[in-house]
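In: Return atomic coordinates for the entry below.
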Amino acid sequence: MEGNMRSEVDLLAAVTVLGVLEQAYFALQVIYARRKYKISPPDTMGHPEFERIFRAQANCSEYFPIFLSLLWVAGIFFHQGVAAACGVLYLHARFRYFRGYTQAAQGRLGPLYASARLLWLLLGLAVAGLLAHFLLPPSRPWVPVWPLWLLGAH
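Out: Reported below is the predicted structural model:
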């Protein structure tokens, strides 16, 4: 891969690796909680603190593929920097979600809503980028005039 192509996805790659490290951290917290509360796999019930840690990790894992898909599509078709910034904010919100959930179930709500808003934003960026890719001629600049072009104001 040439250096030029790498620079087109380097931020996305960095956010992806950061996300993988975050997922590993969450998984380690489940392992530590299993040892602390003596809950062997495949059991998923036991001490309430273990159950919250387990659910927080599972919830974060469930949304991770959605996040990665939207991050890369938004980054490639809309703008790498904007998508990467949204990605870092999303990962921060998920970390806050995990920490809040492990302390009390109600502690997850604020960060949950923040991370959901960021996923919706990434989805919007991905859709906007794909629409521009498929509907605009390659020679036309699309930011920020593409919505006007799509509406017929050529």
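In: CA atoms for contacts and neighbours, from now on please.
Out: Fine.
In: what about this structure, any weak spots by pLDDT?
Out: Along the chain, segments meeting pLDDT under 70 span 1-3, 137-154.
In: 50 instead?
Out: Low-confidence segments of the chain, defined by pLDDT under 50, span residues 1, 153-154.
In: Output the residue ranges of the strands in it, listed in chain order.
Out: Under the criterion DSSP state E, strands are not mapped anywhere in the chain.
In: Output the longest helix belonging to it.
Out: helix 3-37 (DSSP state H).
In: middle-most residue in this protein, spatially?
Out: By CA atoms, centre = their mean, the chain has its centre lying nearest to residue 67, at 3.4 Å.
In: one step back: which parts of the longest helix of the chain are buried?
Out: Of the residues in helix 3-37, 9-13, 15-16, 19, 22-23, 26-27, 29-31, 33-34 count as buried by neighbour count, 16 or more other CA atoms under 10 Å.
In: That one - contacts with which helices or strands?
Out: With contacts defined as 3 or more CA pairs under 8 Å, 6 or more residues apart in numbering; DSSP states H and E, the secondary structure elements packing on helix 3-37 are helix 48-77, helix 80-103.
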